[in-house]
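Q: Whatever this is, show me its structure:
(one chain, ligands or ions: 1)
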Amino acid sequence: MSFDSLGLAPELLRAVEEEGYTEPTPVQLEAIPLGLEGRDVVGSAQTGTGKTAAFLLPILQRLQLGKRGTLRALVLVPTRELAEQVLLSARAYGRHTKLTSVAVYGGVGMEPQTSALRKGVDIVIATPGRLLDHMGRGHVNATKLEVLVLDEADRMLDMGFAPDVNRILDALPSKRQTMLFSATISNDVDRLARRAMRDHAAVEIGRRAEAAEGVEHVLVAVDKPHKRGALAKVLTEFPQGRTLVFTRTKFGADKLAHHLRREGNNVLALHGGKTQASRTKALDRFKNGGTRVLIATDVAARGIDVDDIMMVVNYDVPRDPEIYVHRVGRTARAGAQGVALTLMSPDEWLMMRDVEKLMGRTFPREVMPGFEPAVPPVQPRERAERAKPQGRSVRPRRGRGRTR
Ligand code: AMP
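A: You can find the predicted model right below:
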């Protein structure tokens, strides 16, 4: 099915074509017609499914009618990186319209945002805290608001934004269209959806916590002190392709980056403890190929929208199994192939079992020659996805390419 059949205006179809999209993703197929009808939508969709275009295209179409230069669509996002990313998408998809957009987030000066808000802009993409700041100072006139989007709602709640989001909801006109997107629809997200909208047609895409199909999961048992050496070896053996390494803490990200750099690896760290300027610089270098390896914490990685990530490395097994799904969703985006490599120390075995339970599948435990753990890993009892004898050396397949 092509974009033509969705009822989008020619100037949007042109932009979509220029982006190189040939057909809508499943979430776009379901959400765009509902969005165009002005319906409220709850979409269960992870990053990488094309959800940004699923809400932006109907917004851009709707806003073309009516008076320009007044705030009529608001997109709330959890992080500044995601705000910037959605802004880029709004400008790309809206390049043949006259609509304007601005991103509003903390950690940078208020002034440029204030003057853009005062001048009048059609679409505001904002993190909740900074938006409230602007609202409190009278910089935002939301009386003409027509559409509200809550993007990555689960992450907003995880980050403690519920009170801010509720205050914002209270300040917005109640007659509006509301679209909520979330990787998973937990009870809290459901509660938020009920509070934010009256009538919603739930658009549920994909099974809960299902990772992208093109991901090859490789699970390596290694003792904690050897993780760094094992990772350095992986990076040396597979010198091609962008690699995103996840650590649980900011401190862990810095420490790992420091050590890998000392061993001659070109790596950068990205986390919320860094200044906005250095975060932007790290992301730009990762995007333009200046650095191949980015070490990030989960929160900082939310807004990273980089295609062609060949490998995601879980340097720590995440405590929350859903985070595993988020992390590995950074590779194999939009139909491409990728590898998710997890370095698992014995204290993390149980956490890995939780991940497997959530995903409804098991992965064989492998070991890396030279980094065998003191206690050999126990293979899961269920039939392993790729039953390989223990001791197989890790060698992600090569030559994988994007499908677009
Ligand atoms: P999102 O889930 O919105 O973060 O989008 C993930 C990636 O998919 C982005 O790099 C988009 O540019 C890309 N994308 C979105 N829609 C399509 C489409 N219909 N066909 C191909 N790629 C797409």
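Q: Could you pull out the buried residues of stretch 252-260?
A: 252-254, 256-257, 260 (16 or more other CB atoms under 10 Å). Using the backbone N, CA and C atoms, a C-beta is placed for each residue, glycine as well.
Q: for those, which one is nearest the ligand?
A: The ligand has its nearest neighbour among the buried residues of stretch 252-260 in Ala253, at 22.4 Å by CB to the nearest ligand atom.
Q: my guess is that closest one contacts Leu270, does it?
A: Yes - using CB atoms under 8 Å, Ala253 is in contact with Leu270, at 7.4 Å.
Q: intersection of neighbour lists for these two?
A: Here Ala253 and Leu270 have 295-297 as joint contacts, going by CB atoms under 8 Å, 6 or more residues apart in numbering.
Q: I'd like to know which of these are buried.
A: Of the shared contacts of Ala253 and Leu270, these count as buried by 16+ other CB under 10 Å: 295-297.
Q: Narrow those to those in strands?
A: Residues of those located in strands (DSSP state E): 295-296.
Q: and which of the buried ones among the shared contacts of Ala253 and Leu270 is nearest Ser2?
A: Ala296 (35.7 Å; CB to CB).
Q: and the closest one, what are its bridge partners?
A: Phe246, Leu270 (DSSP bridges).
Q: any idea how far it lies from Lys224?
A: 20 Å (CB to CB, to the nearest Å).
Q: Now Arg327, what are its backbone angles?
A: When read as degrees, to the nearest 10, the backbone of Arg327 gives phi -60, psi -50.
Q: how many other residues sit next to it?
A: 22 (other CB atoms under 10 Å).
Q: Which element, helix or strand, includes Thr114?
A: Using DSSP states H and E, Thr114 sits within helix 111-119.
Q: any idea how far the nearest residue to Gly38 once chain neighbours are set aside is from Leu65?
A: With sequence-adjacent residues excluded and distances taken as CB to CB, 6 or more residues apart in numbering, Gly38 is closest to Gln177, at 5.2 Å. Distance, Gln177 to Leu65, using CB to CB: 13 Å.
Q: Who has more neighbours out of those two?
A: Just comparing Gln177 and Leu65: by other CB under 10 Å the higher neighbour count belongs to Gln177, 21 against 8.
Q: can I assume that one is in contact with Leu148?
A: Yes - using CB under 8 Å, Gln177 is in contact with Leu148, at 7.4 Å.
Q: where does the stretch 101-250 of the chain have low pLDDT?
A: Along the stretch 101-250 of the chain, the model assigns pLDDT under 70 to residues 199-212.
Q: how about the strands in it?
A: 101-104, 123-126, 147-150, 177-182, 200-204, 215-221, 242-246 (DSSP state E, counting those that start in this stretch).
Q: Tell me which of the ones you listed sits nearest to Thr52.
A: That would be strand 177-182 among these, by CB to CB, at 8.7 Å.
Q: for that closest one, the distance to its chain's centre please.
A: When C-alpha coordinates are averaged (CA atoms, centre = their mean, to the nearest Å), strand 177-182 and its chain have centres 16 Å apart.
Q: list the contacts for His96?
A: 11-12, 14-15.
Q: Buried ones among the residues you listed?
A: 11-12, 15.
Q: will you turn the residues you listed into a markdown table that also has secondary structure, distance to the ligand and pLDDT?
A: Listed next are the buried ones among the contacts of His96 as a markdown table, based on DSSP: H, G, I helix; E, B strand; the rest coil; distance: CB to the nearest ligand atom, whole Å; pLDDT from 0 to 100:
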| residue | secondary structure | distance to the ligand | pLDDT |
| --- | --- | --- | --- |
| Glu11 | helix | 17 | 97 |
| Leu12 | helix | 12 | 98 |
| Ala15 | helix | 12 | 97 |
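Q: And the residues you listed, which is closest to Ala232?
A: Scanning the buried ones among the contacts of His96 for proximity to Ala232, where the rule is CB to CB, the winner is Ala15, at 42.8 Å.
Q: List the residues that contact that closest one.
A: 92-96.
Q: out of those residues, which are inside helices?
A: Among these, the members falling in helices (DSSP state H) are 92-93.
Q: Return the closest of the contacts of Ala15 with respect to Phe286.
A: Ala92 (19.4 Å).
Q: I figured that closest one hits Glu19, correct?
A: Yes - Ala92 lies in contact with Glu19 (CB under 8 Å); the separation is 6.2 Å.
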